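Chemist: structure, please.
(6 chains, ligands or ions: 9)
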Amino acid sequence: MIFAPSPFLLKDVSVSQVMTQVCVALIPGIAAYAWLVGPAILVQLVIATFAALFAEAAMLKLRGKPLALFLSDGSAIVTAWLIALTFPPLAPWWMVFTGTIFAIVFAKHLYGGLGQNPFNPAMVAFAVCIVSFPALMSQWPAVGLELRLVDQIDIIFGLAPRVDALTSATPLDAMKTALRMGDGNFDIAQLLANQDIYGNFAGRGWEWVAAGYLIGGLWLWHRRVISWQVPVAFIGSLTLISGALWLYNPAAFANPIFHLFSGGTLLGAFFIATDPVSGCTTPRGKLIFGAGAGLLAYIIRVFGGFPDGVAFAVLLMNLSAPVIDLLTQPAIFGMKGKK
Amino acid sequence: MITRHELTNIARNGLWKQNSSLVQLLGLCPLLAVTTNAVNGIMLSLATIIVMAVANIAVASLRNLIPHEIRIPVFILIVAALVTVVDLMFNANLHELYVVLGIFIPLIVTNCIVLARVEAFAAKNPPLHSTLDGIFMGLGMLWTLALLGGMRELLGAGTLFGGIDMVFPSLQPIQLLPESYPGFLLGLLPPGAFILLGCMIAWKNWMDARAAARARDKGNAPAAPAPATAA
Amino acid sequence: MLNLFKFWGGIKPPSHKTESNQHPIGVAPLPSHLIVPLHQSIGGTPKPVVQAGDKVLKGQLIGEADGWISAAVHAPTSGTVREVAMHVRPHPSGLDSLCVVIDPDGRDEWIARTPLDLATTAPADVFAHLQRSGVVGLGGAGFPAHGKLTPAPNVPMDELIINGAECEPYITCDDLLMRERADEIIRGIALFRDLLQPKKVLIGIEDNKPEAVAAMTAAVAARGENFAVVAVPTRYPAGGAKQLIRVLTGKEVPGSMRSTAEMGVQVFNVATAYTAWRAVAHGEPVISRVVTLTGNVAEPRNYEVLIGTPMDELLKLARPHPDTNGILMGGPMMGFLVPNRQVPVVKTTNCLIAHSERLFPPKAPEMPCIRCGACATVCPHELQPFEMYWYARAKNFGKTQEYDIFDCIECGCCSYVCPSRIPLVQYFRFAKSEIWAREREKKAAEEAKARFEFKQFRDEREKAEKAEKLAKAAAAQAAKKAAEAAAAAAAPAGDAPATVAATDAPAPASAADADKAAKMATIQAAMERAKAQREAAQPKNIEALKPDQQRELAEIEARRQAAGIADAPASATQETKAE
Amino acid sequence: MDILTAIAIMALGAVVLGAALGFAAIKFKVEGDPLVEKIEAILPQTQCGQCGFPGCKPYAEAIAKGDVDINLCPPGGMEGVQRLADLLGREVKPLEAEEKPKQVAIIDENTCIGCTLCIQACPVDAIVGAAKQMHTIIAGQCTGCELCLPPCPVECIRMETIGETLDNWKWKYPVVGIKAVPLKDAA
Amino acid sequence: MSHYLFILVGAVLVNNVVLVKMLGLCPFMGVSKKLETAYGMGAATTFVLTLATGASYIIDQYLLLPFGLEYLRALSFIVTIAAIVQLTEMVIAKTSPTLQQTLGIYLPLITTNCAVLGVPLLNIAGGHNFVESLLFGAGSAVGFSLVLILFAGIRERVECADVPVYFRGSAIAMVTAGLMALAFMGFAGLDKYQ
Amino acid sequence: MSSAPKEFAAPAMAARTAATLFVFVVIFTGLLSTVYKWTRPVIEATAREERLRLLNEVLPAAEYDNDPVAEARTLPPTAELGLKEPSTFYPARRAGQPAAVIFEASAPDGYAGRIRLLIAIRADGTVAGVRVTQHKETPGLGDYIEPKKDRNKTRPWITQFNGLALATTEDKAWRVIKDGGRIDYYAGATISPRAIARAVHKAARWYDAHRQQLFSPDGGKP
Ligand SMILES: Cc1cc2nc3c(=O)[nH]c(=O)nc-3n(C[C@H](O)[C@H](O)[C@H](O)COP(=O)(O)O)c2cc1C
Ligand SMILES: Cc1cc2nc3c(=O)[nH]c(=O)nc-3n(C[C@H](O)[C@H](O)[C@H](O)COP(=O)(O)O)c2cc1C
Ligand SMILES: Cc1cc2nc3c(=O)[nH]c(=O)nc-3n(C[C@H](O)[C@H](O)[C@H](O)COP(=O)(O)O)c2cc1C
Ligand SMILES: Cc1cc2nc3c(=O)[nH]c(=O)nc-3n(C[C@H](O)[C@H](O)[C@H](O)CO)c2cc1C
Ligand code: SF4
Ligand code: SF4
Ligand code: SF4
Ligand code: SF4
Ligand code: FES
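Modeler: Numbering: from 1, shown residues only, chains lettered A, B, ... in the order given. Ligands and ions are numbered 1, 2, ... in the order given. So this is what the prediction gives:
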């Protein structure tokens, strides 16, 4: 006789399906990125994927877990892609590699691997690299930089020198630098009007990459891979605070549209803050998680020491998630209004 | 006075089995805060060793005179006085290092390991044993701080014994990794300190487990101690 | 019409009902033998009242209810009792329990049936009749019906709900029963109504059974009752008692509440109502039920089946395909694979599904939970299954309880949707039974402690009493000795006193050595006496025995007497009474 | 001069603090130790003395004092050690002795001579009987401590492992194919 | 006013005692296995630390500085703190059994919490006045409690994770603390406006 | 446990404890004070040496022959130097003649807050040297402003200011190259050098305006 516990009927879903959908949803954003900013991102995606699978396989082997089963679950690939998408596209290969390895080994497998990591591995990689190699992590390709793919690959692999002219500050960084000039005689609105850097509303080219993430994210929500709470709360709180400060002083603070479409906001709202493993799980908890992440991201990117705050905001919310979840447990059947 | 067995016991406990940094998880603040290089770690450990050894002598000799209710304030008083002496000495003779180590010299007072040893060992044992216990506990701390500091600076900057010139002005740090090493700064930052210490603890667990497995293979040991169920 | 409510979560698995509901209920032929487990309902195990070799008639009592929460068991057909022995029961444990095995004589001869005249019978007697007829809940749990029919003392009964939802895939027995025997069901409901006196009677049927709804509505109208037949949205587990209550009344019965009656609602399955009516109006005890045979079979259909029919014999009626590799009792969501194919049909067997890999492919390997939350969105009890799983997996049972694991009804919705293929329900069952075991242990430890402390207290007291006695004796002794010494002074070397009974009374300095031997002897005698006394008073610890333990003791003692081992005239229990 | 000021100021502080402490030590004295009760609640109350103490309570007291290890009670098993470690914040240690399956004592009906010696030995009054009668062990109350075995002059008591019945049957831990090491037990 | 707010928020988040200043790590590691105990330890530390900063300020200003006895700071502070802790403990034990249940066992541990001595010393190094000292003390204490509680929350979960054997227990806790410190680096630079 | 026998009443106990603590405190404070008394001269000497060494880093010892530490004066808070609190100011003379001044300044707009500087300006207005005494710039990125952390050991970044003078250097040149000036910087970290350049420039102008007062013997009360 066979033994199997009930239920005997199961829905046709699996972890690798979920992860594949996330990857598919990233494609519009990646396409816009490769098209508008440069195909180097594709190289970085390959490097990161390779590093992630390598680290995953090594750790699984060390821990005596079945390789094929877990390598095919696709979670390492999601992590890798998110790392590649958050790093500067011309970052040296070894930095992407190190970051990915660190993410998979320290942030994921030391906690038991898939599903058990309290911190978002991709964001750990980003944070580790930005504190370790701040110079390299803040070199973004100069606007309108036209480089052949071969040249870009040469730069990534250190075969061609990194020329300063290749890089420029990202819109967010430029804005902060302007703020930091301290003369007080600058006007964000004027700055933003500079279409060379800022495009139509939030950084030339980048705004459409962000729009690509938005499309992918909405599709993910439509497929119910993510729930609405985190993105809505994230975007909502970011819009609220940036809107309030912008209304208060439009010369010193950028408008909400700029904040929504620049940096990692939309990637973060739909793909990063929604990581089910390291985020909150209760409905109210998700709202708090998203809102907290949005708020912190704004504070850090505008007032703090880093060009963009999404990564740190997500990590900070990750570390609060267990307690938030505990405090927002929904009332169970029959216990509403009691307890 | 002291048997060989007791001596090896005290030494083993201090250096490995009850290592303050890896097992008891005491004295963590200096362990993590000052170990941006090996020299800082070693010098602070030396200061701690002195304090611990002398405090242990003092408490062990005075233990019968100290009333129970105020034993903690008195122990602390003794430790604090010793620490201040050390602090003054550092200030006078190793001023640069004194500045680098900052408040972590006076904080030896609250270093749990000092008080823990005083309470747990010196208050119950004769002076000679207590002194040795203090010294070995301190040596246990010393090697962990030195190792952690060394790893951190190597990872973070590619050098070893940075800051040695503060102790011996004639010596220079060793550049171990090539100049082009980009410096994995995480090593020098607080997160790196925590993570590396975590790895050291895991390493110790692994060593213990391996030793236990060997002993078991020889067939003369009782059940192996469980690795890392501590904490 | 009626305002319906929604319950949280739930799923819509493929229903697979049309396979088996196309044909009317068939009658299963007499099987070669019948294995009737005595324990078929919640509560005490009925005591067998037949022995191997007895001739029994159809409907004859073979197991007598043991206590109030228990229901009788009857012979499903006439024949000979082959044995009363341990047989595997249809239970996931695969463990044995006491069963009566009957060889049918083929005559299927009824015992005399006595219908109950409801007009003249007091409710208490109706309950007794139901219990004697073995009427238990046929919806799944098998709780004796009379227990649920006894009105709660303080809470007025608002609604009586009749559960015709039949939400699990594959199962159609209630559907067919409602289509074909609606009138008798309605009469049964009316009986329940009379006993419980509810303000309203609601009959909930999932809206994927329009024929059943129509039949029931017609039957209600025909009888002129004011029962409401309500089609509820099809969503598993709408048939769960608490979900159905929620849908029909909006009330949420908390998991911690032992009985829904505390909220003024009571739920019965349609088949329960039907069997109750048969028992009252025709005097027929529960000896058969409708069972759906479906799954990997050529001719799925419902049959009226005798309780005790071995499953493999029964399943043959539906002609299982050759790749069938197991029998599933119940639905695919909550049922279980029976431990072997020879286990019998019992009162709670509503459906047998022939299991095959084609129908139910082996599960993909379990992955770790990715906390996607899908399980929480379908859990009808609004629990956090992944948290319960997280802690159950690590055997941190305290935490599972903090997440209300005991509110889980094991409906399986969470497992159904889990992308990681985690057998969540299995983890919850595991955790629950571990917690129960732990509770049992804790209770045992507490009792042991109490008994230990009592024993210590008793020992102390005895010691104290003895010491006191000794002290008194010693004092008396001393006084006597003093007197004697005085006497001895007068009359030297007198005879030894005959009444010395103390062990350590100080020997007076004046006592002569010659006395010693004699004195030792008397001391010895006194000790013997004391010991005898103590022995007589020894078995104090049988004071607190429960009656059944005393009975058991008496039985053992009787056995011993019979075997001629014991020579003591009195049994322990008698002595207890004497005390 | 400096030294004297320093001493004077510190001495002032010392006297104030010392007085306050001494005063408080008497005024706010409390007795009793709730810890012992908590520990005792974890011990299985088998009262078998395998821990080297005459019963569970003395062992609990010794643990509370910090005199002994927490891994001495075999009936409590590894789980008991785990819970004690949790309560006391101590390290989990493997049990000193082997963990045994749960057992109950059974008296052979035909051999028992009714000497009452086992009754006196049983710490939890699980044996009933009168002098010169067959004695019986109430299985539900027997903790399996084996203390009744040695005193029996005719060796009619034996221990029997409690089998699985429908009353104590437990659902098993789900069989998980992918886990190399089961969770807690590996540690 | 905003200056005070900056001191408070800065002490809680930007210059968190535990994760940035690296003080009070032993209780942070030791008393974070369970949320329940973390709450207790947090409350006890908040109480003592705030009191200690106040007391140290007074001692420093009115007893040590006037006589040029700065070198006695560590000594006098810690002895005072130890005495305060012991007094509090005794008073609580007698007057409030419930408080004793929650705080009692943690109080003695506080004497060896570096933060209790470190924060007053940092106060002096930072040239804070009385109000600033108190705010800095309270902020540090709240920061300590905050990260302690969050850490305990994570640890309770990680406790049940399938962590590689050698990393179970304190090793993975250290790694977790490291990642927390990494996250807290996100606050870096937020205090430059003060 | 208790070694305190029951007979003690609270006040008696208080006295007893106080006395014991008193004895211990007296002993250890005495010990400590003695050590302090003994080490104080050394400590003071070291501190002085330290100060001097720092001063010599910005102003070569050969350029003066007085004891600037002894002549040090306190400056009131000076906005031009970015200082909100009083600071110290060291006049250096050579053969009695004003040779240079060494003073503290602060660049408020560093990447991570204030950068504290020690600046030496010769009597003729040329910058003799600049040192960062305190900063919180990003390790590995902005910290090359500190010669110890600068990868270029032969000619650390901060030495670029040596020799600049208001008189000979046009205002524009006091900026980083990126902003059109002369001061070099490391790519990706322009904020810290920019802040320092601005602070040094301001300090030079402040010195220029107060040159007279600074060397007047009655003290630097500009
Ligand atoms: C001691 C005891 C008393 C119970 N009393 C009742 C009762 O009065 N009414 C009732 O409906 N269920 C009672 N129950 C049992 C559950 O409520 C019963 O399993 C439920 O009615 C059947 O619903 P289910 O099939 O959804 O599990 C009792 C259970 C126990 C153990
Ligand atoms: C998930 C779940 C689904 C259930 N589905 C049904 C059902 O479809 N029909 C039914 O009669 N009982 C169903 N039950 C049992 C009911 O909860 C309840 O026990 C029964 O209706 C009570 O009636 P009874 O005592 O007459 O059996 C289900 C129970 C659970 C836990
Ligand atoms: C984490 C981080 C830390 C930084 N720290 C500093 C710093 O300490 N000093 C500095 O000048 N720039 C620092 N920067 C860079 C500035 O944000 C800014 O990008 C840079 O100064 C602009 O220089 P550029 O004009 O050469 O691109 C940092 C950037 C990052 C991402
Ligand atoms: C909606 C969604 C978002 C995800 N976001 C992330 C992410 O931000 N970072 C990451 O490393 N993995 C992400 N993953 C992949 C996976 O959950 C992650 O690697 C786990 O944390 C590994 O245990 C995501 C997966 C899903 C389904
Ligand atoms: S559905 Fe499965 S994977 Fe998703 S949260 Fe629930 S248990 Fe975890
Ligand atoms: S089995 Fe339990 S936890 Fe899962 S959905 Fe059903 S009630 Fe919820
Ligand atoms: S070993 Fe355990 S059960 Fe036996 S007496 Fe000791 S504590 Fe009690
Ligand atoms: S009967 Fe025997 S084994 Fe059972 S509790 Fe009593 S003494 Fe122990
Ligand atoms: S060393 Fe800082 S708290 Fe222990």
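Chemist: near chain E, anything from the longest helix anywhere in chain D?
Modeler: The longest helix of chain D (DSSP state H) is helix D:2-27. Yes - applying Cβ under 8 Å from any Cβ of the partner chain, one finds helix D:2-27 touching chain E at D:2, D:5-6, D:9-10, D:13-14, D:17, D:20-21, D:24-25, D:27. C-betas here are computed from N, CA, C, even on glycine.
Chemist: now the residue nearest to E:Phe28 when sequence neighbours are not counted: phi and psi?
Modeler: With Cβ to Cβ, 6 or more residues apart in numbering or on different chains as the criterion, E:Phe28 has its nearest non-adjacent residue at 5.0 Å, and that residue is E:Val18. Backbone torsions of E:Val18, given as degrees, to the nearest 10, read phi -80, psi -50.
Chemist: what about E:Val18, distance to B:Leu196?
Modeler: 17 Å (Cβ to Cβ, to the nearest Å).
Chemist: more neighbours, these two?
Modeler: Using other Cβ atoms under 10 Å in any protein chain shown, the more surrounded residue of E:Val18 and B:Leu196 is E:Val18, with 28 against 23.
Chemist: pLDDT wise, what is that one at?
Modeler: Note for E:Val18: predicted pLDDT of 94.
Chemist: residues in contact with the residue nearest in space to the middle of chain D?
Modeler: Centroid-nearest residue in chain D: D:Leu43, 3.2 Å away (criterion: Cα atoms, centre = their mean). D:Leu43 makes contacts with C:Ala445, D:Cys56, D:Tyr59, D:Ala60, D:Cys73, D:Gly76, D:Gly80, as judged by Cβ atoms under 8 Å, 6 or more residues apart in numbering or on different chains.
Chemist: neighbours around the residue nearest to it when sequence neighbours are not counted, how many?
Modeler: Among residues not flanking D:Leu43 along the chain, D:Cys56 sits closest, at 4.1 Å (Cβ to Cβ, 6+ apart). If you count neighbours by other Cβ under 10 Å, D:Cys56 ends up with 28.
Chemist: just how off-centre is the longest helix of chain D within its chain?
Modeler: The chain centre lies 45 Å from the centre of helix D:2-27; the measure is Cα atoms, centre = their mean, to the nearest Å.
Chemist: before we move on, what about stretch E:159-175?
Modeler: Counting by Cα atoms, centre = their mean, stretch E:159-175 comes out at 25 Å from the chain centroid.
Chemist: quick one: the longest helix of chain D near chain F?
Modeler: Yes - applying Cβ under 8 Å from any Cβ, one finds helix D:2-27 touching chain F at D:2-3, D:6-7, D:10-11, D:13-23, D:25-27.
Chemist: pLDDT on the one helix or strand C:Gln266 maps to, on average?
Modeler: If you go by DSSP states H and E, C:Gln266 is part of strand C:265-269. On average, the pLDDT along strand C:265-269 is 94.
Chemist: got a list of contacts for that strand?
Modeler: If you take Cβ under 8 Å, 6+ apart as the criterion, strand C:265-269 is touched by C:137-140, C:145, C:148-149, C:157-164, C:174, C:189, C:192, C:196, C:198, C:241, C:244-245, C:249, C:251, C:253, C:260.
Chemist: are any of those residues buried, and which?
Modeler: Using 16 or more other Cβ atoms under 10 Å in any protein chain shown as the burial test, the contacts of strand C:265-269 include C:137-140, C:145, C:148-149, C:157, C:159-164, C:174, C:189, C:192, C:196, C:198, C:241, C:244-245, C:249, C:251, C:253, C:260 as buried.
Chemist: give me the neighbour count for D:Glu37.
Modeler: D:Glu37: 12 surrounding residues under other Cβ under 10 Å.
Chemist: distance of the closest residue to it other than its chain neighbours from D:Glu40?
Modeler: In space, and not counting its chain neighbours, D:Glu37 is closest to D:Ala60: 7.9 Å by Cβ to Cβ, 6+ apart. Look at D:Ala60 and D:Glu40: by Cβ to Cβ, they are 4 Å apart.
Chemist: of the contacts of strand C:265-269, which belong to helices?
Modeler: Those of those mapping onto helices are C:Ala145, C:Lys148, C:Leu149, C:Asp174, C:Ile189, C:Phe192, C:Leu196, C:Ala241, C:Leu244, C:Ile245, C:Thr249, per DSSP H.
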